[in-house]
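next input, structure requested:
(one chain, ligands or ions: 2)
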Amino acid sequence: MEEFIDTFTSKVGSSEVAVLLPVHNEVHAIEKVVLEFYNTIGSKMPLEIVLSEDGSTDGTKEAIKRISKTVPLKALLSPTRKGYARGIIDGLNYVKSNYVLITDSDGQHDPQDFWKLWELRKEYDIISGWRVKRADSLQRKIMSKTFQFMAKKLFGLPSFRDITAPFKLMRTEVARKIANEYKYMRESFWTEFTIRAYKKGFKIGEVPVTHRPRLGGSTRVYKPWKIPKIATSQFYALLKLRGELK
Ligand SMILES: Nc1nc2c(ncn2[C@@H]2O[C@H](COP(=O)(O)OP(=O)(O)OP(=O)(O)O)[C@@H](O)[C@H]2O)c(=O)[nH]1
Ligand SMILES: [Mg+2]
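Ligands and ions are numbered 1, 2, ... in the order given. Model (predicted):
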């Protein structure tokens with residue numbers, strides 16, 4: 001059964017910004033990551049932390065329950081794994097703040113970088129953290145570059161520096177509008193998101209951010225042996241998207 005925890009509403013009430021984190025099997029990272037966001041942003045202004053967790057089997061759910069007692073947050077806990085995209089879409093339903101920073105829960109991003117994005121919130125509809133030095137495998141980097149290239153060719157996109165970047169700030173209403181249209185790119189949610197956003201005329205800005213190795217375990221999605229299969233299915237997904245947006 002789905003469970004919803006909310007220690008935010010009674011303790012903090014409301015805020016201008018939320019951080020939405022999708023979570024799956026992050027027992028080694030989650031408490032540290034939540035605390036880091038809370039200390040970096042939540043100490044300067046009210047922060048609505050929303051965790052969208054599903055299918056964890058490593059004690060992540062218990063860790064979230066534990067930390068919700070000290071850090072004001074909202075958490076949606078679901079028994080079966082829903083996938084990254086669904087995690088984000090469902091999590092967005094619980095965000096009440098005007099702005100939302102969507103990022104990963106494995107510690108790869110530095111909450112301090114939030115301030116660089118926050119400064120630009122009036123200038124762009126979507127501000128995306130461009131990973132200058134990506135702490136990822138060569139295969140992953142090649143796959144991302146290929147998507148970037150194809151997105152440019154197939155959709156006439158400008159040269160984004162990091163189209164798959166999972167560190168983005170925008171108005172919550174913008175996030176919902178685009179995320180709800182998501183259909184095809186299971187393993188590359190942000191590529192589809194960026195293409196749809198661009199086609200709708202939203203102004204997208206990129207800001208350099210730090211990228212660190214994940215805090216524990218290995219990738220939850222891009223297992224090395226799965227990359228050829230993922231790359232193929234994402235290629236077909238891109239073509240479907242082009243068919244739809246033509
Ligand atoms: N809710 C939800 N979150 C997920 C799911 N799969 C992955 N995530 C989370 O999404 C984020 C991205 O997953 P990662 O495995 O870190 O993907 P990655 O950053 O591309 O891979 P690494 O570089 O190895 O970290 C992490 O915070 C995961 O916990 C899922 O099925 N549901
Ligand atoms: Mg990661």
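
lowest confidence element among the helices and strands of the protein?
helix 138-155 (a mean of 86; mean pLDDT, DSSP states H and E).

indicate whether that helix makes contact with ligand 1.
No: Helix 138-155 does not reach ligand 1 (C-beta under 6 Å from any ligand atom); its nearest approach is 6.7 Å. From N, CA and C alone the C-beta is placed, and that goes for glycine too.

who's residue 168 bridged to?
Following DSSP bridges, residue 168 is listed with bridge partners residue 102, residue 128.

for residue 205, same thing?
residue 127.

from what I can see it touches residue 129, true?
No: using C-beta atoms under 8 Å, residue 205 is not in contact with residue 129, being 10.4 Å away.

and those two? which has more neighbours close in?
residue 129 (25 against 15; other C-beta atoms under 10 Å).

from ligand 1, how far off is the more buried one?
13 Å (C-beta to the nearest ligand atom, to the nearest Å).

repeat for residue 201
From residue 201 to ligand 1 the distance is 28 Å (C-beta to the nearest ligand atom).

which residues does the residue nearest to the spatial centre of the chain contact?
Closest residue to the average C-alpha location of the chain: residue 103 at 3.5 Å, with C-alpha atoms, centre = their mean. By C-beta atoms under 8 Å, 6 or more residues apart in numbering, the contact set of residue 103 is 19, 20, 21, 109, 129, 166, 167, 168.

find me the pLDDT at it, would you?
Looking at residue 103, its pLDDT reads 98.

can you map out the helices along the chain?
Here the chain has its helices, by DSSP state H, at 8-11, 30-37, 60-67, 84-92, 114-119, 138-155, 172-179, 189-199, 227-245.

output the least confident helix or strand of the chain as PDB - backbone C-alpha positions only.
What follows is helix 138-155, C-alpha atoms only, in PDB (Å, rounded to 0.1, in the frame of the first residue of the first chain):
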ATOM      1  CA  LEU A 138      32.700   6.700 -20.700                       C
ATOM      2  CA  GLN A 139      29.700   4.600 -22.000                       C
ATOM      3  CA  ARG A 140      27.300   6.900 -20.300                       C
ATOM      4  CA  LYS A 141      29.000  10.000 -21.500                       C
ATOM      5  CA  ILE A 142      29.000   8.700 -25.100                       C
ATOM      6  CA  MET A 143      25.300   7.800 -24.900                       C
ATOM      7  CA  SER A 144      24.400  11.200 -23.600                       C
ATOM      8  CA  LYS A 145      26.400  13.000 -26.300                       C
ATOM      9  CA  THR A 146      24.700  10.900 -28.900                       C
ATOM     10  CA  PHE A 147      21.200  11.800 -27.600                       C
ATOM     11  CA  GLN A 148      22.300  15.400 -27.600                       C
ATOM     12  CA  PHE A 149      23.400  15.200 -31.200                       C
ATOM     13  CA  MET A 150      20.300  13.400 -32.300                       C
ATOM     14  CA  ALA A 151      18.000  15.700 -30.500                       C
ATOM     15  CA  LYS A 152      19.600  18.600 -32.300                       C
ATOM     16  CA  LYS A 153      19.300  17.000 -35.700                       C
ATOM     17  CA  LEU A 154      15.800  15.500 -35.300                       C
ATOM     18  CA  PHE A 155      14.200  18.400 -33.500                       C
END
